[in-house]
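Q: fold the following for me, if possible:
(one chain, ligands or ions: 2)
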Amino acid sequence: MTITRKWWKEEVIYQIYPRSFKDSNGDGIGDIQGIISKLDYLSDLGIDIVWLSPVYRSPNDDNGYDISDYYDIHPEFGTMADFDLLLQGLHDRGIRLLMDLVVNHSSDEHQWFQESRKSRDNPYRDFYFWRPGKNGGPPSNLPSFFGGSAWAYDELTEEYYLHIFTKKQPDLNWENQKVREEVYTIMRFWLDKGVDGFRMDVIPLISKNLDFPEVDLSDFSSVIHDHFSNGPRVHEFLQEMHREVLHHYDCMTVGEGPGITMEIANDYVGEDRKEINMIFHLDHMLLGYGPQGKMDLVPTSFTDFKDLFSDWYQVIGEQGWINIFLDNHDFARMVSRWGDDDQYRKQSAKMLAILIMTLRGTPCIYNGSEIGMTNVYFDDINEYKDVETWNFYREHLDRGEDPEAFLKIVHRVGRDNARTPMQWDDSKHAGFTSGQPWIKVNPNYSDINVEEAQKDNDSILKFYQHLLSVRKAHPTWVYGAYASIDHGHDQIFAYKRWDADNTYYIVLNFSEKSFDYIIPEMHTTSRLLGNYPKTEIEGDAIAMKPWEGVVFQAESE
Ligand code: TEU
Ligand code: CA
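A: Residues are numbered from 1 along each chain as shown. Ligands and ions are numbered 1, 2, ... in the order given. Next up, the predicted model:
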């Protein structure tokens, strides 16, 4: 089968975490008018699509991923009129907008749940999962993603309700057709306003195993695969969603997929499936998470990281599509996790950008990574705001474990690493707010900010702008074939992209070591771009510098 050409395969996504992007009214919280004030910045960067993390009304237990009104903008972010201005401003610049569709669960403050919890025979009771307790405890030992049980007891009706995330994020019951119809109406509302699609939060979780069996807690990733994700009716629901809504719009859908493995990925994104267009799979993002999850870190290898990209390319083939990303609002900053956020920050951030732009898949840039923002390393746990961190911290203390050891883990994997305010300039609070920011700005903002990057021709930002423009001129990077050529090298990730017209060799040094790297396959080639002013070549050997990334274009044979 030949690969079909689609706009959403060629374009580049930029994720905005609205709470931390730009505050326009001095309350210390990013907002929609703040984003509007930065539309030219987005346009100059050269991105094509904005994925906007949730801006709906929410009590912010999980920073907007707990929605209490899907039809209204949270007052902290502004008004619906502001949203309409943002959408128009993006479209005027040829930029599309993806909303974040969070429908595996709602907020417990949504009126559906307020009704549902009133009585066992309330018409909204079956909008959620209610079960009697067992042996004086929860209906099952299913754990929450954020620590503790996935079941919460409600005194009023003396039953438990399911919440895979926080207690304030009760899971919606997709078995109930009324729930599905409400979701489809919500989707039509936003699509009719002109939004261009959705990023679908934890979409593989919407179908549950209704027996809610006891689970084996020895390995959290198997809980994700076997008990949270890929339930018996997930494809039926997504195909119904496609038939009822998506099929009627020229829109794009990207599913966020904890639990979507290579073996079943094309069941979601295969073009013949008529479900979703692509997925943010998390295989590389969850590398290093041990049997007890993200706070239980285990060593990983560079070859494990590289092989995932090659394996995913193989399984997706021509029939499906994925995203290529290395960070978002749930994970550490990419330059801190996979690059060097100290001596070689600029080189390694640029090298990682080459990876994102030259593998096959729709790239996604997380706001701030285009200027090489880093993890934050607060030395006081109270500077952290994330409910996930606080839930795990309380569990850690309850187990009598060392708070300092916990803090070190948060420095590596805490989600707030990616949620400190965008660093616009070296003025107070990095130009993010004129008030007190809801979370402290990373102290390195005086050196790392947009304004300094715009003045520096060698900045990470300028490199992203160049990369984005080169990517538009080289469709082989989108649709071309891929093969790894680094033969398991310990520091180098090297691969080939090609089609009938062009062949490219991409060579990325994921270390601060310098060494000669031979590429036997490399015929006469010319350097297309790189993160150093020049690349030293002797014959077939490249003298790789620390964190060097380089793209060669072979003369077409
Ligand atoms: O994240 C789902 C998900 O996979 C997370 O559990 C992620 O793996 C974890 O946060 C890593 O530490 C989505 C949203 O992106 C996240 O912000 C929400 O907290 C979550 O769903 C619930 O809506
Ligand atoms: Ca504000």
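Q: buried ones in the helix or strand of the chain with the lowest mean pLDDT, by neighbour count?
A: Lowest on mean pLDDT, DSSP states H and E among the helices and strands of the chain sits strand 536-538, with a mean of 89. Within strand 536-538, the residues scored as buried using 16 or more other CB atoms under 10 Å are residue 537. For every residue, glycine as well, the C-beta is placed using N, CA and C.
Q: ok, residues contacting it?
A: 516, 542, 543, 545 (CB atoms under 8 Å, 6 or more residues apart in numbering).
Q: strand partners (parallel or antiparallel) of that strand?
A: Strand 536-538 pairs in its sheet with strand 541-544 (antiparallel), by DSSP bridges.
Q: what residues does the partner strand touch?
A: 492, 507, 509, 514-519, 535-537, 550.
Q: and the least confident of those?
A: Minimum pLDDT across the contacts of strand 541-544 is recorded for residue 519, with 81.
Q: and it, how far is that from residue 536?
A: 14 Å (CB to CB, to the nearest Å).
Q: before we move on, what about residue 112?
A: Distance, residue 112 to residue 536, by CB to CB: 63 Å.
Q: do residue 265 as well
A: The value you get for residue 265 to residue 536, if CB to CB is used, is 40 Å.
Q: which of the contacts of strand 541-544 are buried?
A: In those, burial by neighbour count holds for 492, 507, 509, 517, 519, 535, 537, 550, counting by 16+ other CB under 10 Å.
Q: and the helices in the stretch 251-400 of the chain, which stretches?
A: All helices of the stretch 251-400 of the chain, identified by DSSP state H, counting those that start in this stretch, fall at 262-269, 302-316, 334-337, 345-358, 387-398.
Q: for these, which one sits closest to residue 33?
A: helix 387-398 (26.4 Å; CB to CB).
Q: what helices and strands are in contact with that closest one?
A: Using 3 or more CB pairs under 8 Å, 6 or more residues apart in numbering; DSSP states H and E, the elements in contact with helix 387-398 are helix 403-413.
Q: after the helix it packs on, which helix or strand is next? Please name it.
A: On the C-terminal side of helix 403-413, the closest following helix or strand by DSSP states H and E is helix 450-455.
Q: which residues are in contact with that next one?
A: 41, 371, 422, 423, 424, 425, 426, 431, 459, 460, 461, 462.
Q: burial count for the second one?
A: Just to be clear, that refers to residue 371. When neighbours are counted by other CB atoms under 10 Å, residue 371 registers 22.
Q: make TSV from the helices of the stretch 251-400 of the chain and add distance to residue 275 to it.
A: Converted to TSV, these look like this (distance: least, CB to CB, whole Å):
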stretch	distance to residue 275
helix 262-269	5
helix 302-316	14
helix 334-337	29
helix 345-358	25
helix 387-398	28
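Q: relative to ligand 2, which of those helices is closest?
A: Closest to ligand 2 of the helices of the stretch 251-400 of the chain, according to CB to the ion: helix 387-398, at 20.7 Å.
Q: list the buried residues of that closest one.
A: 387, 388, 389, 391, 392, 393, 396.
Q: quick check: the closest residue to residue 370 other than its chain neighbours vs ligand 2, distance?
A: Closest residue to residue 370 apart from its sequence neighbours, by CB to CB, 6 or more residues apart in numbering: residue 464 at 4.5 Å. For residue 464, the distance to ligand 2 equals 26 Å [CB to the ion, to the nearest Å].
Q: in a strand, residue 464, correct?
A: No. Assignment of residue 464 by DSSP: H, G, I helix; E, B strand; the rest coil gives helix, placing it outside any strand.
Q: that one contacts residue 365, doesn't it?
A: Yes. Counting by CB atoms under 8 Å, residue 464 touches residue 365, with 7.1 Å between them.
Q: for residue 499, what are its contacts?
A: Residue 499 touches 476, 479, 480, 481, counting by CB under 8 Å, 6+ apart.
Q: should've said residue 262
A: By CB under 8 Å, 6+ apart, the residues touching residue 262 are 281, 283, 311, 312, 315.
Q: also residue 86?
A: So residue 86 contacts 32, 35, 36, 39, 97 (CB under 8 Å, 6+ apart).
Q: which ones among these are found in helices?
A: Here DSSP state H is the test, and the contacts of residue 86 give 32, 35, 36, 39 as lying in helices.
Q: same list (those residues) but as CSV, adding neighbour count and pLDDT.
A: Shown next, in CSV, are the ones in helices among the contacts of residue 86 (neighbours: other CB atoms under 10 Å; pLDDT from 0 to 100):
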residue, neighbour count, pLDDT
32, 27, 99
35, 28, 99
36, 18, 99
39, 17, 98
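Q: not counting residues beside it along the chain, what's closest to the residue nearest in space to the middle of the chain?
A: In the chain, the residue lying closest to the centroid (CA atoms, centre = their mean) is residue 328, at 4.0 Å. The shortest distance from residue 328 to any non-neighbouring residue, by CB to CB, 6+ apart, is to residue 366 (5.0 Å).
Q: with residue 44 instead?
A: residue 465 (7.1 Å).
Q: quick check: that neighbour touching residue 46?
A: Yes. Under the criterion of CB under 8 Å, residue 465 makes contact with residue 46 at 5.5 Å.
Q: name the residues contacting each of the two.
A: With CB under 8 Å, 6+ apart, residue 465 and residue 46 have no common neighbours.
Q: how many neighbours does residue 20 have?
A: Residue 20 has 27 neighbours, counted by other CB under 10 Å.
Q: now residue 72: which helix or strand?
A: Applying DSSP H and E as the criterion places residue 72 in strand 69-73.
Q: could you point out which element follows that strand?
A: helix 80-92.
Q: what about that next one, near ligand 2?
A: No. Applying CB under 5 Å from the ion, one finds helix 80-92 separated from ligand 2 by no less than 10.8 Å.
Q: tell me which parts of the stretch 101-250 of the chain are close to ligand 1?
A: 102, 145, 165, 201, 202 (CB under 6 Å from any ligand atom).
Q: nearest to residue 189 among those?
A: Distances from residue 189 to those, taken by CB to CB, are shortest for residue 102, at 14.6 Å.
Q: ok, for that closest one, nearest residue in space, not its chain neighbours?
A: Per CB to CB, 6+ apart, closest to residue 102 is residue 201, 4.2 Å.
Q: count the residues that sit near that neighbour.
A: 20.
Q: which ones are touching residue 11?
A: Residue 11 touches 48, 49, 96, 362, counting by CB under 8 Å, 6+ apart.
Q: residue 94 versus that one, what's the distance?
A: Separation of residue 11 from residue 94 (CB to CB): 10 Å.
Q: over to residue 304?
A: On the measure of CB to CB, residue 304 and residue 94 end up 39 Å apart.
Q: so for those two, which sits in the more crowded spot?
A: Neighbours per residue (other CB under 10 Å) separate residue 304 from residue 94, with residue 304 holding more: 13 against 8.
Q: hmm, back to that, and ligand 2, which of the buried residues of helix 387-398 reach it?
A: Okay, of the buried residues of helix 387-398, nothing touches ligand 2 (CB under 5 Å from the ion).
Q: residue 461 and ligand 1: what is the separation?
A: Separation of residue 461 from ligand 1 (CB to the nearest ligand atom, to the nearest Å): 25 Å.
Q: correct me, but that residue touches residue 370?
A: Yes. Counting by CB under 8 Å, residue 370 is a contact partner of residue 461 at 5.5 Å.
Q: any common contacting residues for the two?
A: Listed contacts common to residue 461 and residue 370 are residue 45; contacts here mean CB under 8 Å, 6+ apart.
Q: of those two, who's got more company?
A: Between residue 461 and residue 370, counted using other CB under 10 Å, residue 370 has the larger neighbour count: 26 against 20.
Q: dump stretch 360-369 to PDB, keeping only the CA atoms.
A: Listed next in PDB are the C-alpha coordinates belonging to stretch 360-369 (Å, rounded to 0.1, in the frame of the first residue of the first chain):
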ATOM      1  CA  ARG A 360       8.700   9.700  10.200                       C
ATOM      2  CA  GLY A 361       5.800  11.100  12.100                       C
ATOM      3  CA  THR A 362       4.100  14.400  12.900                       C
ATOM      4  CA  PRO A 363       6.500  16.400  15.100                       C
ATOM      5  CA  CYS A 364       5.300  18.000  18.300                       C
ATOM      6  CA  ILE A 365       7.300  20.800  20.000                       C
ATOM      7  CA  TYR A 366       6.400  21.500  23.600                       C
ATOM      8  CA  ASN A 367       6.300  25.300  24.400                       C
ATOM      9  CA  GLY A 368       9.800  26.400  25.700                       C
ATOM     10  CA  SER A 369      11.700  23.500  24.300                       C
END
